[in-house]
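Student: Pasting the sequence and the predicted coordinates here, then a few questions.
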Amino acid sequence: MIPTFDLLPLLIPTAVAMLALPFGLRARAAESSVRAVYLFHRSGDPLATVASADSPAFEPTQLGPVLGAVRAFVENADPRNGAVQQTTRRFGEEGLVAVRGQYLSACAVFRGSADGSLRRELVRFVREFEARNEANLDTWEHAAEVADEASSAISGIAGGIISSAA
C-alpha cells in the first residue's frame, strides 16, 4: 500500500491541471452567439427574419448602426459573375456578417468574435438554398413562396453558438 503522504504530491498537480483545463480551453476558443439572421431577396425586400430567444434586446444606440449596415449591404448590390460577396462590420461587442449570393442576401448579427465561422455558415446556407430553390427566386413574389422554408432554415443559424474552431 502506498502511504498517503507519497500520493499527495501527485494529486495536487493533477487536480490543478484538471481544474484549469476547461477554463483554458474556453478562453482560447472564441465563441459568438448569433442574435438575429435576416434574409433578403435581391430586390431588397425582406424574405425572412429570425431572432434568437436567448439574446438580450438591442440598445437603441446599437440598433441604428446595425440596421444601417444591413440596409447598405442589401441595397448596394454589385453582381459579379455569380460570385458570393461578403462583408463584416464591428459595432463594439456586436458584429455583422453579410453574404450575398445571386438571389439572396443573408445577414447575421452576433455577439463575440467568431465571425469567420459564421461567415462560412452563411456562405454555405446561401449557396445551398439558392441551388435548391433557384426556380422560385427570380422574383420576390416567387421567392415569397419559399419564405417558410427560408425562415426554418435560418432558425438553425439564429439559435446557435458559433465557435471559431468549427
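Tutor: Structure's in. What do you need? Quick caveat, the model's predicted, so the values are computed rather than measured.
Student: Kindly confirm my reading that residue 66 is in a strand.
Tutor: No - read with DSSP: H, G, I helix; E, B strand; the rest coil, residue 66 is helix and lies in no strand.
Student: which ones are touching it?
Tutor: Taking CB atoms under 8 Å, 6 or more residues apart in numbering, we find residue 66 in contact with 58, 91, 94, 96, 109. From N, CA and C alone the C-beta is placed, and that goes for glycine too.
Student: Quick check on the residues you listed: which are buried?
Tutor: Buried by 16 or more other CB atoms under 10 Å: 58, 91, 94, 96, 109, out of the contacts of residue 66.
Student: if we can go back for a sec, of all the contacts of residue 66, which two lie farthest apart?
Tutor: For the contacts of residue 66, the farthest-apart pair by CB to CB is 58 and 96; their separation is 12.0 Å.
Student: any residues touching stretch 137-148, and which ones?
Tutor: Identification of contacts with stretch 137-148 by CB under 8 Å, 6+ apart yields 41-43, 45, 47-48, 102-104, 130, 133, 135-136.
Student: Take those and keep only those in helices.
Tutor: When DSSP state H is applied, the contacts of stretch 137-148 are split such that 130, 133 fall in helices.
Student: Dump the contacts of stretch 137-148 into CSV; add neighbour count, pLDDT and distance to residue 115 as well.
Tutor: Converted to CSV, the contacts of stretch 137-148 look like this (neighbours: other CB atoms under 10 Å; pLDDT from 0 to 100; distance: CB to CB, whole Å):
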residue, neighbour count, pLDDT, distance to residue 115
41, 23, 92, 24
42, 20, 89, 23
43, 14, 88, 27
45, 13, 90, 26
47, 23, 91, 23
48, 24, 91, 21
102, 16, 91, 23
103, 22, 92, 23
104, 23, 92, 19
130, 16, 94, 22
133, 18, 94, 26
135, 8, 92, 32
136, 16, 92, 30
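Student: nearest to residue 85, of the contacts of stretch 137-148?
Tutor: Distance to residue 85, by CB to CB, is smallest for residue 102 among the contacts of stretch 137-148, at 10.3 Å.
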